[in-house]
Structures are given as C-alpha cells and as structure tokens.
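J.: Sharing a model prediction with you, sequence too.
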Amino acid sequence: MGEAEVRVVVRKFDGSLHRHHSMVWLGEDEFGVWLGAPIGTIYSKGGEGEVYATKERRVMLFPRNAWWTALFQAAPAHLDVYCDVTTPSDWPHKGEVTTVDLDLDVCRIRQDGSVFMDDEDEFASHQRQYGYPRDIITRAESTAEWLSTALRDGAEPFGRRYRTWLDQVD
C-alpha cells in the first residue's frame with residue numbers, strides 16, 4: 001500500500017461537517033485518484049467522533065473534475081459500489097481531499113448486481129433547506145442518471161478496474 005495518509009472530508013452544502021476519515025494514497029490513473037482503507041478504518045460523522053469501524057477493505061475513487069466519488073467495498077459488504085453525487089473534489093494539499101455531498105447516492109448490490117438510487121427524499125428536502133441553485137440540482141440529477149447507467153453496464157471503473165486497487169489494500 002502507499003505511504004501517504006489522506007484525510008477525507010465531506011461537507012454539506014451549508015459548509016457543515018458531514019463525514020470524515022483517513023485513507024491511504026494508493027495512486028492515480030486515467031480515472032482519478034485512488035485511496036485505500038484497511039479493515040478497521042474509523043469513520044466519523046460531523047462532530048460525533050467515531051461512528052463505526054469498517055469490516056471490509058475499501059477503496060475510494062476521486063475522479064478529476066467530476067460530480068461524484070465512488071466507494072468500492074470488498075466482501076462481506078452488501079454493496080460492492082456506493083457512489084456519492086458530490087461537487088468536484090478539492091485537494092487543498094496532497095494530505096486532504098474535500099467534497100460537498102449533494103445527497104443523491106447510486107449503489108450496486110454485490111449479490112445480484114442490481115443498481116438503485118438512494119436519498120432522493122433528502123435531496124428534495126435539502127434543495128429547500130440549503131437553497132441549491134438550479135444548475136446544482138440539474139448537475140446532481142444528470143450525474144446520478146449517468147452513474148446508474150454506468151453501474152448497470154459495468155462500465156469502467158465500475159467493472160473490474162477497481163479490483164486492481166482493492167487488491168493493494170491490506
């Protein structure tokens with residue numbers, strides 16, 4: 001595995017802290033930056049501190065200039081892919097990446113490969129609560145539709161590519 005620790009910081013549209021955890025820099029390819037997390041990685045939510053520790057190896061992809069991130073999980077996780085619709089990733093320095101969560105999630109179930117969209121109710125509620133501009137709403141919706149198709153079709157990096165990175169996580 002790579003050496004450099006990276007702090008992953010996810011905020012809500014109002015700037016409040018949503019989720020945060022540390023991962024390890026694995027590398028980059030044509031799809032973006034790949035980070036890894038071994039079993040036992042601690043995830044925190046807002047100011048609550050530790051919320052849970054992972055039970056599986058994980059990698060996250062932060063694509064360049066795209067409105068999503070992807071979390072790929074090894075077994076025994078129920079979902080093999082969990083995509084967050086977000087603003088494009090911001091790298092203030094190599095040790096931190098920040099995104100703004102736009103609520104919509106697109107997930108693929110490991111067992112049968114079915115794909116579903118999640119948190120549409122939260123997306124609708126936050127449009128009013130946070131005052132999402134129309135262009136943000138349109139971008140989030142089109143990104144979620146694109147992700148749904150890409151996951152269903154097994155398009156890369158959602159096909160086999162991520163497994164190369166997942167195999168690097170201890």
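T.: Great, that's in hand. Residues are numbered from 1 along each chain as shown.
J.: Need phi/psi at the nearest residue to A4 once chain neighbours are set aside.
T.: Excluding the flanking residues, the one nearest A4 by Cβ to Cβ, 6 or more residues apart in numbering is W25, at 4.2 Å. Every residue, glycine included, has its C-beta placed from N, CA and C. Backbone torsions of W25, given as degrees, to the nearest 10, read phi -60, psi 120.
J.: same question, E145
T.: Note on E145: backbone dihedrals following degrees, to the nearest 10 are phi -70, psi -40.
J.: Would you mind giving the secondary structure of the residue of the chain positioned farthest from its centre?
T.: The C-alpha centroid of the chain is most remote from R128, which lies 23.6 Å away (Cα atoms, centre = their mean). Following DSSP: H, G, I helix; E, B strand; the rest coil, R128 is assigned to helix.
J.: number of nearby residues for G95?
T.: Applying other Cβ atoms under 10 Å, we find 12 residues neighbouring G95.
J.: Same question for the one 5 residues further on.
T.: Residues within reach of V100, counting by other Cβ under 10 Å, total 21.
J.: could you say which helix or strand contains it?
T.: According to DSSP states H and E, V100 maps onto strand 96-109.
J.: tell me what the helix or strand following that strand is packed against?
T.: Sequence-wise, the next helix or strand downstream of strand 96-109 (DSSP H and E) is strand 115-118. Helices and strands touching strand 115-118, by 3 or more Cβ pairs under 8 Å, 6 or more residues apart in numbering; DSSP states H and E, are strand 96-109, helix 134-153.
J.: What strands line up against the first one, and which way round?
T.: According to DSSP bridges, strand 96-109 forms sheet pairs with strand 5-11 (parallel), strand 79-86 (antiparallel), strand 90-93 (antiparallel), strand 115-118 (antiparallel).
J.: Out of those, which one sits most buried?
T.: The highest average neighbour count among these, using mean count of other Cβ atoms under 10 Å, belongs to strand 79-86 at a mean of 23.
J.: what residues does the helix or strand bottoming out on mean pLDDT in the chain touch?
T.: Least confident element among the helices and strands of the chain, by mean pLDDT, DSSP states H and E: strand 50-53 (a mean of 83). Residues outside strand 50-53 that contact it (Cβ atoms under 8 Å, 6 or more residues apart in numbering) are G40, T41, I42, Y43, S44, K45.
J.: at 10 Å what do you get?
T.: By Cβ atoms under 10 Å, 6 or more residues apart in numbering, the residues outside strand 50-53 that reach it are R19, H21, I39, G40, T41, I42, Y43, S44, K45.
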